[in-house]
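Colleague: The amino acid sequence is not available; the structure is as follows:
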């Protein structure tokens with residue numbers, strides 16, 4: 001920069017500083033940036049120039065503002081020397097109260113530059129503590145300082161650890177007296193970081209004092225607080241500070257115990273939660289002198305709690321304190337007092353059990369559970385002390401209410417044992433200890449089994465408690481023997497027929513666990529009973545089949561059970577029931593649905609289930625459906641609902657097969673439905689032309705079966721991968737034949753199946769030749785069908801257009817959107833307008849059978865949004881100029897769009 005330019009620049013900056021203008025307009029900023037970037041010392045020269053005006057207080061704010069904005073815009077080009085100049089300028093002037101906030105903004109910008117290092121971090125901290133320190137500052141300035149200190153600590157930890165600056169003491173002094181919640185959140189975070197990374201041994205009392213003065217925190221967040229800081233946020237953050245180091249134990253424990261004894265409400269809850277969190281960190285030594293007072297207060301809270309949250313907090317705190325004291329059992333010099341302290345807590349609870357029906361006994365049981373689940377010594381003491389008492393109490397009970405109360409106490413102890421020693425449901429949980437309940441397993445099991453057999457209405461609650469207890473025993477790791485589990489399976493199975501919904505759920509829950517541990521027993525007792533409970537020749541009208549089939553599904557927890565126990569029996573039940581004229585059609589469909597649900601669940605994750613579907617289910621379904629269609633004697637009695645379910649089953653087999661097997665299944669489908677070749681399913685061939693279930697020309701005879709099964713064909717080709725080659729000479733001729741057959745068949749189910757087949761081929765195998773054929777099919781067949789006087793043909797044409805549009809728009813093809821316009825135009829017609837409007841749901845909703853991602857269709861993301869954005873404005877515009885009847889149809893179509901797209905898409909379109 002030459003001298004005249006520099007002088008011009010200096011004069012311009014001087015004029016702005018001396019002027020009455022405070023804002024920095026864009027042209028002035030552009031000029032300053034241009035001049036400062038012309039040389040490597042440009043920004044340093046600006047700092048020196050602005051320093052000349054610092055002496056006058058009225059100019060300081062403008063100097064800092066200009067320097068901060070220029071630095072912000074130039075941060076990416078700052079070199080080490082410039083950072084040095086800017087840091088020196090800023091740190092030396094942090095004592096100026098009017099400019100400190102913008103100076104902090106300036107150094108915050110410098111912190112993000114690559115040349116800012118640990119040396120500057122130490123310099124900045126020293127300057128903050130020296131120049132600002134305990135001086136009273138506005139909230140915004142304090143927040144900026146806390147944020148900067150936090151950033152520096154996180155980034156330059158090792159530099160600040162080695163520095164001679166007394167960071168901990170200076171920070172404690174700066175934090176002292178802070179009241180702003182937003183600042184306290186950061187301050188507590190800094191304290192936790194200091195405790196974790198710094199040697200605090202010389203500052204323990206100072207740190208504790210500055211923290212505990214906030215306990216318990218009382219803060220009511222203002223309405224619509226932009227920072228969303230809650231009381232719980234602050235309490236939790238402070239609590240984690242107090243629990244961050246055992247150094248605080250001797251200071252905090254007596255004070256927390258005092259707070260626990262002398263406060264109520266939220267303050268008491270805060271004290272309980274803090275003791276519970278701090279106990280593991282402070283250790284048994286620190287807690288022991290105050291354990292009796294702590295336990296007395298916590299036990300009293302459980303006995304007299306008015307809120308469930310206070311009771312739960314007290315119980316959790318008891319658990320944590322007992323767990324911490326339990327670690328002291330292995331420490332020689334405090335073993336005896338620790339054991340005595342825990343025993344004292346337990347003994348007073350055991351005394352309350354003498355009247356198990358009373359409120360205090362139930363509270364005592366909860367306390368015992370919390371303590372027993374905390375440590376092995378506590379659990380051993382609880383079990384050996386309480387079991388003999390409770391056992392005798394149950395045997396001598398003269399009322400069901402007392403038996404129930406005892407059962408519930410046993411359940412609490414079982415819960416504690418499971419929590420401490422682990423269950424089969426735990427992953428990666430293993431303990432070396434064994435539960436002391438093993439010594440009392442047999443009498444405990446006998447008690448629960450005895451309670452299961454109380455059949456009176458009053459005994460229902462006892463049976464429910466017994467079932468809860470049995471489930472806990474079942475899930476406990478390495479607890480029951482194989483013989484005991486088989487015994488339980490037998491007893492639980494006997495309860496299935498006569499129990500109501502809630503009891504039945506508990507029975508099945510235990511049996512589902514036992515299915516993992518004792519499958520032979522379920523195969524021997526449970527599943528045979530379930531098969532007997534289902535309708536058959538002896539009881540065709542049993543209306544309880546729903547719950548029985550639900551039990552079958554619930555207990556079939558893995559493919560092994562399905563493959564070895566359930567599949568053949570369920571198929572046999574279905575096969576026989578499907579041939580009975582007096583059998584409920586809903587029951588037959590429910591059987592099929594159960595088979596479908598289990599197969600769909602198991603097949604994707606188990607090759608053996610898949611092989612079962614390919615070798616057994618698929619050929620059997622295809623063969624029996626063909627026999628039914630051809631009226632073989634004693635064949636299945638099909639209906640439309642059943643064909644839909646069986647089609648989904650066939651689709652499941654196809655979609656989970658590899659391409660090679662799909663090719664074989666496709667060949668079978670074409671031999672059957674196109675060529676009429678029954679040998680494809682091992683049936684005797686015949687020359688009867690009506691057996692060609694898939695006529696491709698209008699002059700071929702068409703069989704009119706009781707129920708059409710062409711949907712099976714659609715299910716097969718609709719779930720093949722795209723690399724499967726269909727066994728036809730010409731895709732174009734084939735889809736043209738599909739369209740003709742769909743328009744001409746009198747059977748609506750057949751027409752729909754052919755339509756779906758047509759749409760699937762267009763979507764998956766729509767090459768240039770196929771799309772050229774589609775372009776010809778629309779004006780040659782579909783548009784004339786819409787103009788037909790025959791309402792059936794008209795509706796068939798509309799259905800074809802709908803599925804063709806779906807096949808195309810889901811992959812983003814432009815022709816699909818043109819067809820949407822054709823369908824929308826049909827909404828104005830009185831005969832098919834309502835149907836056309838409802839067809840938009842078909843286009844946008846996933847079809848369960850095909851044209852979805854799982855069936856290997858070509859599906860693009862966000863296609864629903866594109867359809868909505870394309871069509872919604874047109875529907876609204878047309879509705880506004882339509883007759884009243886047509887208006888309803890257009891609004892129906894619009895509603896079909898609205899329910900099938902995200903709300904955000906609707907909101908975006910509405911705002912236009």
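Modeller: Yep, it's here. Nothing here was measured: the structure is a model prediction, and the numbers come from that model.
Colleague: Are there helices or strands packed against the helix or strand harbouring residue 877, and which ones?
Modeller: Assigned by DSSP states H and E, residue 877 belongs to helix 863-880. Applying 3 or more Cβ pairs under 8 Å, 6 or more residues apart in numbering; DSSP states H and E, one finds that helix 863-880 contacts helix 791-809, helix 814-825, helix 833-844, helix 884-898, helix 903-910. (C-beta placed from N, C-alpha, C; glycine too.)
Colleague: Ok, which of those helices comes nearest residue 262?
Modeller: Taking Cβ to Cβ, helix 903-910 is the member of these nearest to residue 262, at 52.3 Å.
Colleague: circling back: highest average neighbour count across the helices and strands packed on helix 863-880?
Modeller: helix 791-809 (a mean of 23; mean count of other Cβ atoms under 10 Å).
Colleague: Give me the helices and strands touching that one, please.
Modeller: Secondary elements touching helix 791-809 (3+ Cβ pairs under 8 Å, 6+ apart): helix 731-744, helix 748-765, helix 783-786, helix 814-825, helix 833-844, helix 863-880.
Colleague: how about a cut-off of 6 Å?
Modeller: In terms of contacts (3 or more Cβ pairs under 6 Å, 6 or more residues apart in numbering; DSSP states H and E), helix 791-809 is packed against helix 731-744, helix 748-765, helix 783-786, helix 814-825, helix 833-844.
Colleague: Let me have those helices in TSV, adding mean pLDDT and distance to residue 85 as columns.
Modeller: Below are these laid out as TSV (pLDDT from 0 to 100; distance: least, Cβ to Cβ, whole Å):
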stretch	mean pLDDT	distance to residue 85
helix 731-744	93	76
helix 748-765	94	68
helix 783-786	93	80
helix 814-825	93	62
helix 833-844	92	64
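Colleague: Rebuild those helices as CSV, extending it with distance to residue 776.
Modeller: Listed next are the helices and strands packed on helix 791-809 as CSV, based on distance: least, Cβ to Cβ, whole Å:
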stretch, distance to residue 776
helix 731-744, 8
helix 748-765, 13
helix 783-786, 11
helix 814-825, 12
helix 833-844, 22
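Colleague: mind checking which of those helices is nearest residue 239?
Modeller: Short answer: helix 833-844, nearest of the helices and strands packed on helix 791-809 by Cβ to Cβ, at 50.7 Å.
Colleague: Go ahead and confirm residue 647 touches residue 711.
Modeller: Yes. Residue 647 is within contact range of residue 711, at 4.5 Å (criterion: Cβ atoms under 6 Å).
Colleague: circling back to that earlier point, buried residues, the helix holding residue 877. List them.
Modeller: For helix 863-880, the buried set under the neighbour-count rule, 16 or more other Cβ atoms under 10 Å, comprises 863-869, 871-872, 874-875, 878-879.
Colleague: ok, and what's touching that helix?
Modeller: For helix 863-880, contacts defined as Cβ atoms under 6 Å, 6 or more residues apart in numbering pick out 809-810, 817, 820, 844, 887, 890-891, 893-894, 897, 900-901, 905, 909.
Colleague: same thing but at 8 Å, please
Modeller: 809-812, 817, 820-821, 824, 827-828, 840, 843-844, 886-887, 890-891, 893-894, 897-898, 900-902, 905-906, 909 (Cβ atoms under 8 Å, 6 or more residues apart in numbering).
Colleague: do the same with stretch 762-771
Modeller: Here stretch 762-771 has contacts from 720, 722, 726, 731-732, 735, 761, 774, 804, 807-808, 810-811, 813, 815, 851, 856-858, using Cβ under 8 Å, 6+ apart.
Colleague: mind running it again at 10 Å?
Modeller: 717-718, 720-726, 730-732, 734-735, 738, 761, 773-774, 777, 803-804, 806-808, 810-811, 813, 815-816, 850-851, 855-859 (Cβ atoms under 10 Å, 6 or more residues apart in numbering).
Colleague: Quick one: buried ones out of those residues?
Modeller: 717-718, 720, 724, 726, 731-732, 734-735, 738, 761, 773-774, 777, 803-804, 806-808, 810-811, 813, 815-816, 850-851, 855-859.
Colleague: What pLDDT is listed against the closest residue in space to residue 706 that isn't next to it in sequence?
Modeller: With sequence-adjacent residues excluded and distances taken as Cβ to Cβ, 6 or more residues apart in numbering, residue 706 is closest to residue 638, at 7.2 Å. Residue 638 is assigned a pLDDT of 91 by the prediction.
Colleague: Residue 638 belongs to a strand?
Modeller: No. Residue 638 sits outside any strand when classified using DSSP: H, G, I helix; E, B strand; the rest coil, being coil.
Colleague: okay, now it: neighbour count?
Modeller: When neighbours are counted by other Cβ atoms under 10 Å, residue 638 registers 21.
Colleague: so how far is residue 621 from it?
Modeller: 11 Å (Cβ to Cβ, to the nearest Å).
Colleague: what residues are shared contacts of the two?
Modeller: Common neighbours of residue 638 and residue 621 (Cβ under 10 Å, 6+ apart) are 646, 709.
Colleague: ok, residue 876 to residue 819 distance?
Modeller: From residue 876 to residue 819 the distance is 20 Å (Cβ to Cβ).
Colleague: Can you show me the helices along the stretch 251-400 of the chain?
Modeller: Along the stretch 251-400 of the chain, counting by DSSP state H, counting those that start in this stretch, helices occupy 265-287, 291-304, 308-326, 335-352, 359-372, 376-396, 400-421.
Colleague: and these, which one's lowest on average pLDDT?
Modeller: helix 335-352 (a mean of 88).
Colleague: tell me the angle it makes with helix 376-396.
Modeller: 20 degrees (axes from the mean of the first three to the mean of the last three Cα atoms, to 10 degrees).
Colleague: ok, and for helix 335-352, which residues are buried?
Modeller: 338, 339, 341, 342, 345, 346, 349, 350, 352.
Colleague: again with stretch 146-161
Modeller: 146, 147, 148, 149, 152, 153, 156, 157, 159, 160.
Colleague: ditto for stretch 254-261
Modeller: 255, 256, 257, 259, 260.
Colleague: Now do the nearest residue to residue 720 once chain neighbours are set aside against residue 623, distance only.
Modeller: Distance criterion Cβ to Cβ, 6+ apart; nearest residue to residue 720, sequence neighbours excluded, is residue 662 at 4.7 Å. Taking Cβ to Cβ as the measure, residue 662 falls 19 Å from residue 623.
Colleague: Looking only at neighbour counts, state which of these two leads.
Modeller: Shown here are residue 662 and residue 623; by other Cβ under 10 Å, residue 662 has more neighbours (22 against 19).
Colleague: how far away is that one from residue 725?
Modeller: In terms of Cβ to Cβ, residue 662 sits 10 Å off from residue 725.
Colleague: show me what contacts residue 238?
Modeller: Counted by Cβ under 10 Å, 6+ apart, residue 238 has contacts 184-185, 187-188, 191, 211-212, 214-217, 270, 274.
Colleague: Give me the buried subset of those residues.
Modeller: 184-185, 187-188, 191, 211-212, 214-217, 270, 274.
Colleague: Next step: those residues restricted to strands.
Modeller: Per DSSP state E, strands hold no members of the buried ones among the contacts of residue 238.
Colleague: Could I get those in TSV, plus columns for distance to residue 410?
Modeller: Output for those, formatted as TSV (distance: Cβ to Cβ, whole Å):
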residue	distance to residue 410
184	47
185	46
187	49
188	44
191	46
211	44
212	43
214	44
215	40
216	38
217	41
270	34
274	33
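Colleague: got CSV for the buried residues of stretch 146-161, with pLDDT and secondary structure too?
Modeller: Output for these, formatted as CSV (pLDDT from 0 to 100; DSSP: H, G, I helix; E, B strand; the rest coil):
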residue, pLDDT, secondary structure
146, 94, helix
147, 94, helix
148, 95, helix
149, 94, helix
152, 94, helix
153, 94, helix
156, 93, coil
157, 93, helix
159, 92, helix
160, 92, helix
